[in-house]
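Visitor: I need the structure of the sequence given here:
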Amino acid sequence: MRYLRDLFRSSRRSIPTLLGGCAVVYFGYHAIQGERGVMTLLSLERQIAQAEIDLQAADAEEALLERHVALLRPQSLDRDMLDEQVRLVLNLAHPDDLVIPRVSNEIAAY
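Guide: So this is what the prediction gives:
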């Protein structure tokens, strides 16, 4: 009987410690894995870095397209650029031209 009473008293004293430990574990887990946790923050930082890389690539492509458009304006018409675009769009070539087909049509739109 005394053994049960001592066990009950010692368990009553350890309950707040146990609850405190559970609270620390719960909040610690959510601080790392939760919706606003450290892992989510790292994932968002990776997405931001990738978006910045994509933005730089898009800016470079935009600058290239702007240069090509500027060459086709009537004020600064480049005859070589005009000839290149006419041959590309109409798929024509001069009889004396040497035509070398390309494997990739990536830049064909320029």
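
Visitor: counting by contacts, list what the longest helix seen in the chain packs against.
Guide: For the chain, the longest helix by residue count, based on DSSP state H, is helix 38-71. Under the contact definition 3 or more Cβ pairs under 8 Å, 6 or more residues apart in numbering; DSSP states H and E, helix 38-71 sits against helix 2-33. From N, CA and C alone the C-beta is placed, and that goes for glycine too.

Visitor: quick one on the thing from earlier: okay, angle between the longest helix of the chain and helix 2-33 too, please.
Guide: Between helix 38-71 and helix 2-33, the angle comes out at 10 degrees (axes from the mean of the first three to the mean of the last three Cα atoms, to 10 degrees).

Visitor: give the buried residues for helix 38-71.
Guide: The neighbour-count check on helix 38-71 (16 or more other Cβ atoms under 10 Å) flags nothing as buried.

Visitor: report the rounded mean pLDDT for it.
Guide: The average pLDDT within helix 38-71 is 94.

Visitor: can you list contacts of the helix or strand following that helix?
Guide: The helix or strand immediately downstream of helix 38-71 is helix 79-90, counting by DSSP states H and E. Outside of helix 79-90, the residues that reach it under the criterion Cβ atoms under 8 Å, 6 or more residues apart in numbering are His68, Leu71, Leu72, Leu92, Ala93, Ala108.

Visitor: what's the answer for stretch 66-74, then?
Guide: Ser76, Leu77, Asp78, Met81, Leu82, Gln85, Tyr110.

Visitor: just send those residues back as CSV, with pLDDT, neighbour count and distance to Leu4 too.
Guide: Listed next are the contacts of stretch 66-74 as CSV, based on pLDDT from 0 to 100; neighbours: other Cβ atoms under 10 Å; distance: Cβ to Cβ, whole Å:
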residue, pLDDT, neighbour count, distance to Leu4
Ser76, 77, 9, 99
Leu77, 77, 10, 101
Asp78, 75, 14, 99
Met81, 76, 16, 97
Leu82, 78, 12, 100
Gln85, 79, 15, 96
Tyr110, 49, 13, 88
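
Visitor: since that was my last question, I'll sign off now.
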